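> take a look and give me a structure for this.
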Amino acid sequence: MIKVTTVPQLPDDGTNWRLMAQRGGQGERGLAGANLVFRGTYNPDTTYDPDDAVEYNGSVYYCTATVVGETPQDDGTSWDLFLARGSILVSDSAPASPTDKQVWIDSTTDMMNWYDSSSSSWIPLNAKDADTVDGKHASDFATSTEFNEHQANDVVHRTQAEKDKLAGIESNANNYSHPSTHPDTMIDVTDTSSNFTATKLDGVLDELFTFADNGKTNIASVVGSPATASDTFNQLQTTIQNAKNTMATNLNNKGTSASGTEDLQELADKIANVNTGKKWASGTTSTIENYSLSVTGLDFEPNTILIRAERVYGGSYFIEKAYSLEIGFNNELSDWKFVVDDGGSFDSANENGDSWTIYQDGFEVYLGYSSDVTMEWIAFE
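Below you'll find the model as predicted:
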């Protein structure tokens, strides 16, 4: 109503007031408010039911259908957006400088709160009186934690039908005796290291037996007789130890100190130290330099040397030389011998018979000629 006069008078439909708007009739009852249960930060392994609310990437979504493993998004199918990112804060402590009506989720308790600037305090959402349901305020209802604990309590959270079934169970139902053994086919195996392909105990035991049997077969094939693939690991150990003891005894008999407690590789390396007798070398050459035969590159210092030389020049000349440090021998076995074409022969006196030079890895001997010669030699340590 609009007043057109200054005289105090109640609004009516007379000449002093004009009607501008009139109250309408009673409208239809609105939709019931959402009864959301905040379930904390989204977990892909958790099953969510309609009206479950979660925090995901800084936003709050509520579930519209039972889902598990479906990422919250505002698609209107299984999830709807409740509060967009930026309008809420998720942390383990309250914001230092909050703004009025700011929403904060306490990550330590999963409690959703809003800031009341008039009282400078954070108020839990489930403690805020909201629309009434059946005459009760929202603060009269159980919190999400209390409701979840109630659901988890299988003693009190039963339907009447379940109670009726329990009432009919015989008194000796709890006398069940658990068996002391189980078939290995029933026992699951958790293999965190992925060592086995089987998931049941019987399969794992089969794989272990195969691994062990293959291991014995491989060892026996390398060791050889008397080891066999049918031997136990203890028997294979005894066979190998006996072989090491025998190897050590043989090394000691050859003058090389050894023990059966040494590593197998150590015993094998010591075999190279066994003295197997005098070293020797031989050769044939026709190369003569400065009227001498020179041989080097031996892996020992020669002690005894034998040489046979033949030179063909209108007949054959033969020379046989010998050297021995052990018996002090340093001369020719025979003088020069000249063999004519008709088979006759005569001896010639020897010259320079003791011209030997001994090296650590060979020798040199003076022959007196430098061509048309074939030399055969043998040297001993």
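> is Met186 in a helix, a strand, or coil?
Secondary structure, DSSP: H, G, I helix; E, B strand; the rest coil: Met186 is coil.
> number of nearby residues for the closest residue to Val274 other than its chain neighbours?
Leaving aside its chain neighbours, Val274 sits nearest to Lys254 (4.5 Å; criterion: Cβ to Cβ, 6 or more residues apart in numbering). Just so you know, the C-beta spots here come from the backbone N, C-alpha and C atoms, and that holds for glycine as well. Other residues lying near Lys254 total 14 when counted by other Cβ atoms under 10 Å.
> okay, buried residues for stretch 88-105 please.
Ile88, Leu89, Val90, Pro98, Gln102, Val103, Trp104, Ile105 (16 or more other Cβ atoms under 10 Å).
> repeat that for stretch 209-217.
Lys216.
> which helices and strands does whichever strand or helix holds Leu306 pack with?
Taking DSSP states H and E as the criterion, Leu306 maps to strand 304-312. Contacts defined by 3 or more Cβ pairs under 8 Å, 6 or more residues apart in numbering; DSSP states H and E place strand 304-312 against strand 316-324, strand 362-366, strand 373-380.
> need these in a markdown table (columns: mean neighbour count and mean pLDDT).
Listed next are these as a markdown table, based on neighbours: other Cβ atoms under 10 Å; pLDDT from 0 to 100:
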| stretch | mean neighbour count | mean pLDDT |
| --- | --- | --- |
| strand 316-324 | 18 | 63 |
| strand 362-366 | 18 | 86 |
| strand 373-380 | 17 | 84 |
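> wait, which of those strands is closest to Ser117?
Among the helices and strands packed on strand 304-312, the nearest to Ser117 by Cβ to Cβ is strand 362-366 (107.2 Å).
> so what are the sheet partners of that closest one and their directions?
Paired neighbours of strand 362-366 in the sheet (DSSP bridges): strand 292-295 (antiparallel), strand 356-359 (antiparallel).
> quick check: which of those strands is buried the most?
Comparing the strands paired with strand 362-366 by mean neighbour count (mean count of other Cβ atoms under 10 Å), strand 292-295 ranks first with a mean of 18.
> name the residues that touch that one?
283, 285, 307, 309, 355, 362-367, 375, 377, 379 (Cβ atoms under 8 Å, 6 or more residues apart in numbering).
> can you tell me which two in these are farthest apart?
Taking Cβ to Cβ, no two of the contacts of strand 292-295 sit farther apart than Gly283 and Ser355, at 19.8 Å.
> those two: who's more crowded?
More crowded of Gly283 and Ser355, by other Cβ under 10 Å: Ser355, with 15 against 11.
> that one reaches Tyr366, doesn't it?
Yes: Ser355 is in contact with Tyr366 according to Cβ atoms under 8 Å; the separation is 3.5 Å.
> buried sites along stretch 259-273?
Glu262, Leu267, Lys270.
> what of stretch 193-201?
Buried residues in stretch 193-201, counted by 16+ other Cβ under 10 Å: Phe196, Lys200, Leu201.
> which one of these sits closest to Tyr323?
Phe196 (73.0 Å).
> how about the closest one, what does it touch?
If you count contacts by Cβ under 8 Å, 6+ apart, Phe196 has them with Val189, Gly203, Val204, Glu207.
> so which of those residues belong to helices?
Per DSSP state H, helices hold the following members of the contacts of Phe196: Gly203, Val204, Glu207.
> whichever of the residues you listed end up buried, select them in ChimeraX.
Buried residues among those (16+ other Cβ under 10 Å), as a ChimeraX selection:
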select :204
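> how about JSON lines for the ones in helices among the contacts of Phe196, with distance to Ser59 and pLDDT added?
Output for the ones in helices among the contacts of Phe196, formatted as JSON lines (distance: Cβ to Cβ, whole Å; pLDDT from 0 to 100):
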{"residue": "Gly203", "distance to Ser59": "47", "pLDDT": "90"}
{"residue": "Val204", "distance to Ser59": "46", "pLDDT": "87"}
{"residue": "Glu207", "distance to Ser59": "49", "pLDDT": "88"}
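> circling back: distance of the residue nearest to Val274 from Glu381?
17 Å (Cβ to Cβ, to the nearest Å).
> also Leu264?
Taken as Cβ to Cβ, the span from Leu264 to Glu381 is 31 Å.
> sorry, back to before: format the contacts of strand 292-295 as a markdown table; extra columns: distance to Val37.
Listed next are those as a markdown table, based on distance: Cβ to Cβ, whole Å:
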| residue | distance to Val37 |
| --- | --- |
| Gly283 | 101 |
| Thr285 | 105 |
| Ile307 | 110 |
| Ala309 | 114 |
| Ser355 | 115 |
| Gly362 | 100 |
| Phe363 | 105 |
| Glu364 | 107 |
| Val365 | 111 |
| Tyr366 | 115 |
| Leu367 | 114 |
| Met375 | 109 |
| Trp377 | 106 |
| Ala379 | 102 |
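> measure stretch 283-294 end to end?
Stretch 283-294 stretches 12 Å from its first residue to its last (Cα to Cα, to the nearest Å).
> for it, what is the average pLDDT?
Across stretch 283-294, the average pLDDT comes to 81.
> where does pLDDT dip in this protein?
Residue ranges of the chain with pLDDT under 70: 1-34, 76, 85-87, 101, 125-158, 166-176, 311-321, 325-354, 368-372.
> and it, what are its domains?
Domain ranges of the chain: 37-151, 232-275, 280-380, per automatic domain parsing.
> now the ones you listed as a markdown table including distance to Glu162?
Output for the domains of the chain, formatted as a markdown table (distance: least, Cβ to Cβ, whole Å):
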| stretch | distance to Glu162 |
| --- | --- |
| domain 37-151 | 14 |
| domain 232-275 | 57 |
| domain 280-380 | 95 |
